[in-house]
Every structure is written in C-alpha cells, then in structure tokens.
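Asker: Provided below are the primary sequence and the corresponding predicted coordinates.
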Amino acid sequence: MMLYIVIGFLWVSMLIYVLMGGADFGAGILELFTSENNRSKIRTTTYNAMGPIWEANHMWLIIAVVILFVGFPGIYTTVSVYMHIPLVIMLMGIIARGTAFTFRHYDAVKDNMQQLYNRIYVYSSFITPLFLGVIAGSAVSRQIDTDASTFASAYILGWFNWFSFSVGFFTVAICGFLAAVYLIGDVKDLTDKKRYIRKAKMMNGAMAFWIIMIFWFSYKGDIPLFNWLFGNFISVATTVTGLLSLILLWIAIYRNNIKRMRFYAGFMTMMLLIAVTYSHYPNIILLKNGAHLSLFGTKGPDKTINSLGIALLAGSLFIVPSLVYLIYSTPKKTDREVQ
Amino acid sequence: MDNFLAARSQMALSLGFHIIFSCIGMVMPFFMAVSHFMWLRTGNENYKNVTKAWSKGVAIFFATGAVSGTVLSFELGLLWPEFMKHAGPIFGMPFSLEGTAFFIEAIALGFFLYGWGRFNKWFHWFTGVIVGLSGIISGILVVAANSWMNSPAGFDYANGKYTNIDPIAAMFNKAWFSQSLHMTIAAFAATGFAVAGIHALMILRKTNIGFHSIAFKIAAVFAIIAAVLQPLSGDISAKFVAKTQPAKLAAMEAHFNTERNAPLIIGGIPDEKNKKVDYAVKLPGMLSLMINGDTNSEVKGLDAIVVNDQPPVSVVHYAFQIMVALGMLMLGISLLSFIALLRKRAWFKQRWFLKLFVFATPLGFIAVEAGWTVTEVGRQPWIIQGIMRTADAVTPMPGIVYSFYLFTAVYVSLAIAVVFLLNRQIRMVPEIYDINTKY
Ligand code: HDD
Ligand code: HEM
Ligand code: HEM
C-alpha cells in the first residue's frame, strides 16, 4: 500500500516539475526566441509571474530524486552511472540558470553585466530541459548497456542518439509552449497577448515536429513506441484526450478564457505523462540486454518505504496549503519593483 | 590524479562550497528577523534598511546554496553509486524529511521576499522566521545523515548484505546529536563573525555609520554567544569520537602509541614514518583527562588500528589544530566583548576593537572547513565507518578528473561572481539607503 503512495508521490512530483518547472524553463526559452528589442518586456512579465514561486518550482526535482535514491536505489544508481555525462551537463545548466536568474534581479548595479546574466540564463534554460528529456528518453530506449565493455558504449552511446535527442527537443518545445500559454493570461496589453499567442503557435508547431521525429527514430531504432501508446486502452484513451484538450486549449486561447487555457494546458500535459508512463509501468529503465529495472524490483526494504511514505504524507500536509496560498496571494498585476 | 582521488576531490570541493552557503542560509534569516522586529517595534528606518539590504544578499546566497545542494543530491549517485545503492534506503530518512524542510524554506522565502507591503506586517515578519527555522532543521537533518556514516546504525551487516533495515534508528544514530549541535552552533559563529566583520570594516571607513552599526551589533551578538558555546560542544564531540572512532581521534591528536597518562599534543609536525610528532607542545596526561576524566587512563593510539584502516594523520591533525586554534581565538574575542558589555566599556566604538572583528571575518568559515576535513578525512578509508570502504563505493566511470576540473572551474567562477555581487551590494548602500541617522 505505502509503495503505491510513494510511487504516486514520485509521479506527481514529476508532473508538477514538468508543469511548473517546465513553464519556468519555458520562459527562458521564449526569451531566447525573442528579438532583442522585446526581451526586456518578457523579462518583467516572467519575473512578476514566476518570481515568488521560483524557488519552490525546482524543489519538485529534488523530491523526485530523493524518492528515487531512498526508495528505489537501483534505478537511481543505474541512471547515475550510465547517464553520468548528460546528468553533469544538466547540472551545469541548473547551476548556470539558477544563479543567473537570481543575479540579474538582485545585482545592485544595473549595467552591462545584465547582458551576460541574460545570455547565460536563456541558453541554460534551453540546455537543461533538453538534457532532462535526453535522459528520460534514454531510460526507455533500450540503449543503456550495462554489459558494455568500452567507454563509448557504456557512457556515451546510451544517450547520444537521435531518439533521445528528439525526446529532449520535444521537452524543450513543451516547456516553451506551457510558458507561452501561461503568459498569455498574464499580460493585459493586446500586442503583448498577440506576441505570446504567436509564440504558443510556434512552440506547438515545434512539438508536432519533434513528435513526428520521435516516432520516426523509434521506428528506426526498434523502439516499440507505437505499441506502447496504442497497445493498451489507458494509453490510447489518454493520448486521445490529450489531443482533444489541445484543441480545446486553442479554442480557449481565441476566446481569451484564461482559466480554461491554463486548465487545458495542465490537463494535456498530465494526459501525455500518463500515456508515456503507463505504457511501460512499472518499468522505469529498459536496458539493452532486454532486462528492465522496475519500481517493484528495485524498491527498498518495506520499513524504508513505509517511513518514506509517512514522511511524504506528513510533508505534503505542510507544503500543499502554504504553496497554494503563496501562489494565490502574490498578485501579479503590479509591476512594482520587487524590493 | 586517478579516478578515485578525483572523485574524492570533487566531493570535497562540492561539499566545501555548499557548506558556506548553507551556513549563511541557515543563519542570516535570524539576523534579518531581529532587525525586522526592531524596525516594526521602533520604526527606526535604519532597521528596515538593514533588513532589506540583507535580504537581497540572502537571495543571492540562497540561490547559490540551492543549486549547489541540488548538484550534491545528484553527485552522491554520480560519484558513489555503490554507496548509495546500499546506504540510500538506510540513511535516506533525514533526506526525505529534509525535502519537506527545504520546501517550506523555499515557500516561506517566496512570502518573505515578495511580501513587503502585501501582507499583515507581523505575518510577513513571521515568514522570515520560518525561513530560518526550516533552514536549521534541514541542516540538522543532513548532518544526521552524515553522522550515520560515522556511526552506522539501523541495520545488520553480514556477508556483504544489509538486513533488518530501520531508517528511523539510522537517523537517530549515536552521533547525530553531538554533530548536529556542533554544526548548528558553528553556522552561527561563522556567519556571525563574517557579517560583523564586514560591517565593522564599513564603520571604520566611516560610511553610513548608522546603518552599519546596527548591522554590526546584531551580527556580533549572535557571533559572540555562539563562539562561547562552540568549544563546549566541541568537547562533547571529541569525547564521542573517542568512543566510536578511536582511529579518527588518534589522527586528530597525532597520537601514535596507545598509552596511559596520554599527553595532549598541541601543534607540531607529525612524522608518520617514525611515529612521532616534532616541535609540539605536550601537556602530559591532559588527553587522558579530557577523554576519560582521569589523567591515568589509557587512550588508544594509531598502533591499535590495523595499518590498512588508518586515516591520513597529518591532514587530520593539522585540520583539527586549525579548528581548535580558531575556536580559541573567537572565544577570546567573545570574552572581551562580554567584558565590554558587562563593564559598560565603550570598546564597541573604538577602532582597535572594530579592527579585531575585521580580522575575525573569515575565521569561522575557515574553522568550518577544517572541522569537516577532520570529520570526513578522519573517517577514511571508510565511507561507512567499519562497513564499506570509500574505494569500493566509487563510480566505475573513468575520467572523473575532467569532471573534477569542470566543477572546479564552475565553483571558482561562482565564488568570484558572488563576491563581486556582494561587493556591489555593499557599495550601493550609500545611494540606496542613506538617511543620515546619528550613531
Ligand atoms: C566555527 C567553527 C568551529 C569551531 C570554532 C570549532 N569547530 Fe569543531 N567542527 C566544526 C566547526 C567548528 C564543524 C565544521 O562544524 C564540524 C565538522 C562536522 C561537525 O559536525 O562539525 C566540526 C567537527 C568537530 C569534531 C569531529 C566530530 C566528528 O567527526 O564526529 C570535533 C571532535 C570537534 N569539532 C571539536 C572541536 C573543539 C574541541 C573545538 C574547540 C574550540 C571546536 N571543535 C571548534
Ligand atoms: C557540508 C559539509 C561537508 C564537508 C565540507 C565535507 C567534506 C568532505 C571531504 C573533505 C571529503 C573528502 C575526504 C577525503 O578526500 O579524504 C568528503 C567526502 C565525502 N563526504 Fe563529506 N563533507 C560534508 C558533509 C557531508 C555530508 C552531509 C554527507 C552525506 C550525507 C557527506 C558525504 C560524503 C561522501 C559520500 C564522501 C566521499 C567519500 C570520502 O571520500 O570520504 N559529507 N567530504
Ligand atoms: C553539513 C552539511 C549540510 C548542511 C548543513 C546543509 C544545509 C543546507 C541548507 C540550510 C540549505 C538551504 C539553502 C540555503 O539557504 O542556502 C541547503 C540547501 C540544499 N542542500 Fe544542503 N546542507 C548540507 C549538505 C548537503 C548534502 C550532502 C546534500 C545532498 C545530498 C544537500 C542537499 C541540499 C539541497 C538539495 C539543497 C537545495 C534546497 C533548496 O532549494 O532550498 N545538502 N543545505
């Protein structure tokens, strides 16, 4: 029983990280794809919208990591060993982004150092989710070779392939999309709104492109993605519902219904995540030799799982109400300089 | 540099970097809370300015602390997969609770930084206190995880298998209290002296004296109280180490031979080949007295430990001497301050006294780094004392050296960036905050 609660927490932290952390990365990605003149506007909007919950957004990743190493050490250590290089790149992204974001807002002197912070911020906003996606893609792509005998096959080929990178680019696109949809609802000015709608379209297009690529490379690489998504009822149902909510999302955008568009964006992401995780649940890592590491097979001893579950339940009792209050109590309309 | 040494160096670098930011993250919120409180009570604008100026500094430190902590939670697996595979489920309990504490800290920080003028002022003040409290709790929890590596508990070990795992018992291992207590006080002492020192320098330079005197006083009070408690708690730690990790104690003291009436060895250069210490001050019987309360009792030396299980002596001995010496120095400054306070001497306004504090700026942090070197290097060759060797825990991936160079470059640039930004904050004080209150 507790095992399912723990797995539930793992899944939910992943979802929220994709949603909130994703929108947060996305803000940087949008800034990257914006002309120099309009960037400062994006910066102010993003900062007002995301600033207060910025620290909290990234805690979800830590929660997921902690659940993994306490509850499912086999998965954590396998990923750590064979995904060492992409993980290090991702960590560099996290360091660069987190510090650049803070530095640019808290540097007491505003001079051309700002340009440096901005540049670091936008590029790392791109790199971090890219490699997050690469790692996720590699985990299920049957490329990780635990019997490898050469450096390249053990530590590079497992992730350095087109399938993994397509998943990475798709992750980048969805982050950008989430941010654009979120920001449409956050600006009052009509030209600003139009700008974000344009961005949302562009990101949506990128998502479509990379989905096609993902399917193409999974076909080339003998990854049974098609079977996963269409081989069982739940995955089919969630994939279809996900697509449907994307359509509803665009309708909401054109009717300028802020609540609905945010809801559908969240809902779509959730459906997508269910579709891809359910299809190979409870296996998290599929290895080259055909074996897999599952949540059940790698779980820690019962006592650990129990106390982990209790800790998580108790923790959410504190966290959820205060986080909700934080999100609702910091009004976003003011452009007041944050002190 | 081989893979193993590179992995150890990278771990030491990352932790040594993180610990500075986590100390500040734990302690500064309390300084701010005091100053914030004074502002709400007295309405003196200087208090408000100090609070705000500090909160900007803290935001910078917090971000750096948070990213370096995130990196650490991955590095444990990146560098020590074999350790984490077995230890994760056992010592993971504090980490999962710590997750909650961090979360609360991050949320409360959001309230605090964005809450000026938005909430009831006492609620706003309270969120700042929560930031500090949850920071302290997370510090205690991580140290509890680390103390498990020093005094493993909560499992049975036989034939390479870990059975009967009890994560709660592992968390409350024997060392958790002495280590957490010592670490928490250390954070107050180190941050207190660092902050007081910087503001003392500004007072000496006669810029914004009203502002800097307030900041100096708050930090100095925390610092001098902590510095008095620190040697007391260090004594508890040392007694505890003597009981559970005799090899570490012997290395700290460069105590080569088991003997009765063991001398306390102060300073000196350990000669590991000939098993003696040159140029040291030796106080006969004092070590026996401090450890067992009896000058004639026996204290185990390194000769009681199998050669393969002995930690490097020189590093641990030097690190320990540095920590204790700095602890004594800070204690001295504290005692002088207490005399000044009790006797109502005006020393706090005198240049020589302020200069003393400027001198003490880095001492606490140097002691913290030295203390961790004692703890971690003194545990070698074990990653889990008596159970798993560090060499058996290291990642199979070759080429960690390059990753070590990369991390070194990143951390060095980050450190430069933080100093640069902090310097800019301080330089901007006159322009942003000057309201010319009298000292
Ligand atoms: C401001 C910093 C500071 C100061 C002044 C001192 N220490 Fe310390 N010490 C630390 C900061 C520290 C630390 C960095 O925080 C450590 C590392 C691990 C820990 O829990 O605390 C530590 C560890 C540590 C240990 C090892 C604990 C273990 O391995 O389990 C001992 C025996 C002492 N200390 C003893 C002392 C004594 C006798 C001091 C007398 C003045 C002293 N410390 C001052
Ligand atoms: C933040 C304060 C800490 C500092 C400054 C610190 C310092 C160090 C140092 C200097 C080493 C290298 C030892 C050597 O090369 O001989 C090391 C190793 C290590 N530490 Fe710590 N440590 C700290 C806290 C912790 C904590 C809280 C944990 C885990 C819960 C931890 C886990 C490790 C591990 C896994 C190693 C690698 C094995 C080893 O070489 O001992 N450390 N640390
Ligand atoms: C003695 C050692 C340590 C102490 C006292 C300590 C304490 C702290 C504190 C107080 C913070 C809050 C951030 C801030 O205010 O700057 C923090 C951040 C963090 N620490 Fe450490 N830490 C230690 C070692 C470690 C280790 C070994 C790990 C990982 C395994 C770790 C993981 C983290 C993480 C993930 C964060 C980020 C949390 C956030 O975003 O708020 N810490 N640490």
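Answerer: Now that the structure is in, tell me what you want to look at. On a predicted model such as this, the values are computed, not experimentally measured, just so you know. Ligands and ions are numbered 1, 2, ... in the order given.
Asker: What are the phi and psi values at residue B:273?
Answerer: The phi/psi pair for residue B:273 (degrees, to the nearest 10) reads phi -70, psi -50.
Asker: now the one 5 residues further on
Answerer: In terms of degrees, to the nearest 10, the main-chain angles of residue B:278 are phi -90, psi 150.
Asker: For chain A, just list every one of the helices.
Answerer: For chain A, the helices defined by DSSP state H cover A:2-16, A:22-32, A:39-50, A:54-71, A:73-82, A:84-106, A:113-140, A:151, A:162-184, A:190-220, A:225-230, A:233-254, A:258-278, A:302-329.
Asker: Let's see the fifth one as PDB, backbone CA atoms only.
Answerer: Okay, so that is helix A:73-82. Extracted in PDB, the C-alpha atoms of helix A:73-82 (Å, rounded to 0.1, in the frame of the first residue of the first chain):
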ATOM      1  CA  PRO A  73      18.200   2.900  -5.200                       C
ATOM      2  CA  GLY A  74      18.700   0.600  -8.100                       C
ATOM      3  CA  ILE A  75      17.100   3.000 -10.500                       C
ATOM      4  CA  TYR A  76      18.900   6.000  -9.100                       C
ATOM      5  CA  THR A  77      22.400   4.400  -9.200                       C
ATOM      6  CA  THR A  78      21.900   2.900 -12.700                       C
ATOM      7  CA  VAL A  79      20.900   6.200 -14.100                       C
ATOM      8  CA  SER A  80      23.700   7.900 -12.200                       C
ATOM      9  CA  VAL A  81      26.300   5.600 -13.600                       C
ATOM     10  CA  TYR A  82      25.300   5.300 -17.200                       C
END
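Asker: how big is the angle separating it from helix A:302-329?
Answerer: With axes from the mean of the first three to the mean of the last three C-alpha atoms, to 10 degrees applied, the angle from helix A:73-82 to helix A:302-329 works out at 70 degrees.
Asker: Pull the distance from helix A:73-82 to the chain's centre.
Answerer: Chain-centre distance of helix A:73-82: 20 Å, with C-alpha atoms, centre = their mean, to the nearest Å.
Asker: between the helices of chain A, which gets nearest to residue B:74?
Answerer: helix A:84-106 (5.8 Å; C-beta to C-beta). In short, each C-beta sits where N, CA and C put it, glycine included.
Asker: what mean pLDDT does that closest one have?
Answerer: The average pLDDT for helix A:84-106 rounds to 86.
Asker: Select from the helices of chain A the stretch with the lowest mean pLDDT.
Answerer: helix A:39-50 (a mean of 71).
Asker: Can you spell out which helices and strands pack onto it?
Answerer: Helices and strands touching helix A:39-50, as assessed by 3 or more C-beta pairs under 8 Å, 6 or more residues apart in numbering or on different chains; DSSP states H and E, comprise helix A:22-32, helix A:162-184.
Asker: So which residues of the stretch 1-150 of chain B form helices?
Answerer: B:3-42, B:45-79, B:81-114, B:121-150 (DSSP state H, counting those that start in this stretch).
Asker: looking at these, which is closest to residue B:401?
Answerer: helix B:3-42 (4.3 Å).
Asker: need the contact list for the residue of the stretch 51-200 of chain A found nearest ligand 3.
Answerer: Proximity of the stretch 51-200 of chain A to ligand 3 (C-beta to the nearest ligand atom) peaks at residue A:62, 4.7 Å away. By C-beta atoms under 8 Å, 6 or more residues apart in numbering or on different chains, residue A:62 lies in contact with B:69, B:70, B:73, B:99, B:102.
Asker: burial count for residue B:419?
Answerer: 10 (other C-beta atoms under 10 Å in any protein chain shown).
Asker: From residue A:116, how far off is it?
Answerer: Here residue B:419 is placed at a distance of 16 Å from residue A:116 (C-beta to C-beta, to the nearest Å).
Asker: Equivalent analysis for residue B:359, please.
Answerer: 34 Å.
Asker: what residues does stretch B:342-361 touch?
Answerer: Contact with stretch B:342-361 is made by B:193-194, B:196-198, B:200-201, B:203-204, B:216-217, B:220, B:329-330, B:333, B:336-337, B:339-340, B:439, as judged by C-beta under 8 Å, 6+ apart.
Asker: What subset of the residues you listed is buried?
Answerer: B:193-194, B:196-198, B:200-201, B:203, B:216-217, B:220, B:329-330, B:333, B:337, B:340 (16 or more other C-beta atoms under 10 Å in any protein chain shown).
Asker: Out of those residues, which one has the lowest pLDDT?
Answerer: Out of these, that is residue B:340, at 80.
Asker: Please verify my assumption that residue B:74 contacts residue A:65.
Answerer: Yes: when contacts are counted by C-beta atoms under 8 Å, residue B:74 is listed as touching residue A:65 (6.7 Å).
Asker: for the stretch 301-439 of chain B, which spans come out with low pLDDT?
Answerer: Within the stretch 301-439 of chain B, the stretches with pLDDT under 70 are B:429-439.
Asker: Can you name the residue of it nearest ligand 3?
Answerer: For the stretch 301-439 of chain B, C-beta to the nearest ligand atom, closest residue to ligand 3: residue B:372, 7.3 Å.
Asker: element containing that residue, please.
Answerer: Per DSSP states H and E, residue B:372 falls inside helix B:363-379.
Asker: Show residues contacting stretch A:208-217.
Answerer: So stretch A:208-217 is contacted by A:137, A:161, A:162, A:163, A:166, A:167, A:169, A:170, A:173, A:223, A:225, A:226 (C-beta under 8 Å, 6+ apart).
Asker: Run a quick neighbour tally on the last one.
Answerer: Other residues within reach of residue A:226, judged by other C-beta under 10 Å, total 11.
Asker: From what I see, it and residue A:239 are in contact.
Answerer: No: if you go by C-beta under 8 Å, residue A:226 and residue A:239 don't touch, sitting 11.2 Å apart.
Asker: Tell me where the stretch 151-300 of chain B has strands.
Answerer: Along the stretch 151-300 of chain B, counting by DSSP state E, counting those that start in this stretch, strands occupy B:156-158, B:161-163, B:259-260, B:264-266, B:269-271, B:276-278, B:281-283, B:298-299.
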